[in-house]
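A.B. asks: curious how this folds, go ahead:
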Amino acid sequence: MSKAVGGNSLLTRVGIVVGETSGDILGAGLMAELQRRYPNCIFEGVGGPRMTALGFKSLHDMERLAVMGLIDPLKRLPELLSIRKQLCQHFIQNPPDIFVGVDAPDFNLTLEEKLRKAGVLTAHYVSPSVWAWRQGRVKKIARAVDLMLTLFPFEEQFYRDHNVRVVCVGHTLADEIPLDVDRIAAQKTLCLPVSNAVKTIAILPGSRAGEVSQLCETFFHSALQLMAINSAQLNADVFTLRFVVAAANEKRKSQIESIATKFPQLPLTVFLKQSHEVMASADIVLMASGTTTLEAMLLKKPMVIAYKMGAFSWWVLSRLVKSAYVGLPNLLAKRLLVPELLQREATAENIANALNEYLVNVNSVKTLLVEFDKIHLSLRKNADKASADAVCTLVATKRDKNTNA
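C.D. replies: Residues are numbered from 1 along each chain as shown. Okay, the predicted model is just below:
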């Protein structure tokens, strides 16, 4: 991709809005690749710590956009609408060469639609799950974006069928994470004692306050039950268990540590902003449903996925979702590779039993890891470069049309 069109730099200003940690990872990867090509380009909008470390100008705190379910967004609606209005006004008054909304579809798609109507070129990075539920949203997507960047191959055809310009770029984590991850090295990084007689269970109760509130205590109860099951097992290897917990930020760390005071007998350590290392150090991962399940799969970690939300939110969503699975490993495999325990099924007993199955059934774990390897390879597309190529091609195409008009 040429750096200049008509003697001018192709990109001078890029708007990006991300809504949570996973979006910050993707946004930072795209931004770094575009910076390499256009060092003087300005990046602004809403970003997380990875993006701000690259010089991104965040106009609002990313944490304010991180909401879950149906009730939390309603409670925060006035604030969210105010932030979106301010961003819309800013980008219309100061049009970027392109605006990229990264995930957060309920927030970003409306913003993209308003900006595109005002003449701003728009792209959306990470497809909403329109193939699973609320397929009618594709009509809004067609109005809102000039380009959809998808992470997974199975999403691409859906957009082609609906005449939306689309490029599957794979996932940056599939490029970054090696096929074989050194668990012992990760344990040493976290200063955990290394022993073959110890099994490490990683616990990731989510990055949002609501998720931690719904899940963390249940996860800790399941850890206690797993210890009891492990101690009581006969004619099987019995391991010493330890639990490592990943906190997405300072607020979540305080929240998790407060809950942990109810479980003084549980051998757990809470780590701040080290979810990758925490998962890499583990033999098994217990986690909230979400995009982090992809990272766990790429790290080749047997996992149990669990999720709970408010009763009303669950009642509504369970009637809308058409997909058979919620976990990304299962969605990508198109079959149940790892357990999914949702809402009423997400009990401490069920979770503990599912975790224990991995401890006692070594052959099933080996089979699972072979499947994880296959999926990992299918997602390796050099996503940062692919997304940057797609963005630059879109901008250049528009500029050529304007030049020739």
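A.B. asks: for this structure, which residues score under the pLDDT cut-off?
C.D. replies: Applying pLDDT under 70 to the chain flags residues 1-8, 67-75, 131-134, 234-237, 312, 314-322, 405.
A.B. asks: from the centroid of it, which residue is nearest?
C.D. replies: Centroid-nearest residue in the chain: Thr291, 3.2 Å away (criterion: CA atoms, centre = their mean).
A.B. asks: counting neighbours, what do you get for the residue lying closest to that one once chain neighbours are set aside?
C.D. replies: Nearest residue to Thr291 in three dimensions, chain neighbours excluded: Ser22, at 4.0 Å (CB to CB, 6 or more residues apart in numbering). Glycine gets a C-beta too; all of them are placed from N, C-alpha and C. By other CB atoms under 10 Å, the residues close to Ser22 number 22.
A.B. asks: quick check, Ser22 in contact with Thr292.
C.D. replies: Yes. Applying CB atoms under 8 Å as the test, Ser22 and Thr292 come out as touching, 7.0 Å apart.
A.B. asks: quick one: Val181 is in a helix?
C.D. replies: No. Read with DSSP: H, G, I helix; E, B strand; the rest coil, Val181 is coil and lies in no helix.
A.B. asks: for it, what are its contacts?
C.D. replies: By CB atoms under 8 Å, 6 or more residues apart in numbering, the contact set of Val181 is 280, 299-300.
A.B. asks: give the buried residues for stretch 161-172.
C.D. replies: By 16 or more other CB atoms under 10 Å, the buried positions in stretch 161-172 come out as 164-172.
A.B. asks: could you list which of these belong to strands?
C.D. replies: Among the buried residues of stretch 161-172, the members found in strands (DSSP state E) are 166-168.
A.B. asks: show me which of those residues is closest to Gly15.
C.D. replies: Val167 (19.2 Å; CB to CB).
A.B. asks: what bridges to the closest one?
C.D. replies: Leu149 (DSSP bridges).
A.B. asks: any idea how far Asn356 is from the closest residue in space to Leu379 that isn't next to it in sequence?
C.D. replies: If the residues on either side of it in the chain are set aside, Leu379 comes closest to Ala174, at 3.7 Å by CB to CB, 6+ apart. For Ala174, the distance to Asn356 equals 30 Å [CB to CB, to the nearest Å].
A.B. asks: ok, those two, which is more surrounded?
C.D. replies: Ala174 (22 against 18).
A.B. asks: quick revisit: just the buried ones from the contacts of Val181, in ChimeraX syntax?
C.D. replies: Of these, the buried ones go into a single ChimeraX selection, burial set by 16+ other CB under 10 Å:
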select :280,299,300
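A.B. asks: contacts only, for the closest residue to Gln265 other than its chain neighbours.
C.D. replies: Distances taken as CB to CB, 6+ apart put Leu224 closest to Gln265, at 7.2 Å, once the chain neighbours are dropped. Taking CB under 8 Å, 6+ apart as the criterion, Leu224 is in contact with 263, 265-266, 348.
A.B. asks: how about the contacts made by Glu217?
C.D. replies: Taking CB under 8 Å, 6+ apart, we find Glu217 in contact with 259, 262.
A.B. asks: same question for Arg242.
C.D. replies: Contacts here follow CB under 8 Å, 6+ apart; on that basis Arg242 touches 192, 198-201, 267-269.
A.B. asks: quick one: the helices in the stretch 301-405 of the chain?
C.D. replies: Secondary structure of the stretch 301-405 of the chain (DSSP state H, counting those that start in this stretch): helices at 311-320, 328-333, 348-360, 362-378, 383-404.
A.B. asks: mind putting those into JSON lines with distance to Ile256?
C.D. replies: Shown next, in JSON lines, are the helices of the stretch 301-405 of the chain (distance: least, CB to CB, whole Å):
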{"stretch": "helix 311-320", "distance to Ile256": "22"}
{"stretch": "helix 328-333", "distance to Ile256": "23"}
{"stretch": "helix 348-360", "distance to Ile256": "17"}
{"stretch": "helix 362-378", "distance to Ile256": "27"}
{"stretch": "helix 383-404", "distance to Ile256": "30"}
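A.B. asks: distance from the chain centre to the biggest helix by length in the chain, please.
C.D. replies: In the chain, assigned by DSSP state H, the helix with the most residues is helix 209-232. Centroid displacement of helix 209-232 relative to its chain, using CA atoms, centre = their mean, to the nearest Å, is 23 Å.
A.B. asks: buried ones in that helix?
C.D. replies: Neighbour counts using 16+ other CB under 10 Å place 209-212, 214-223, 225-227, 229-230 of helix 209-232 among the buried residues.
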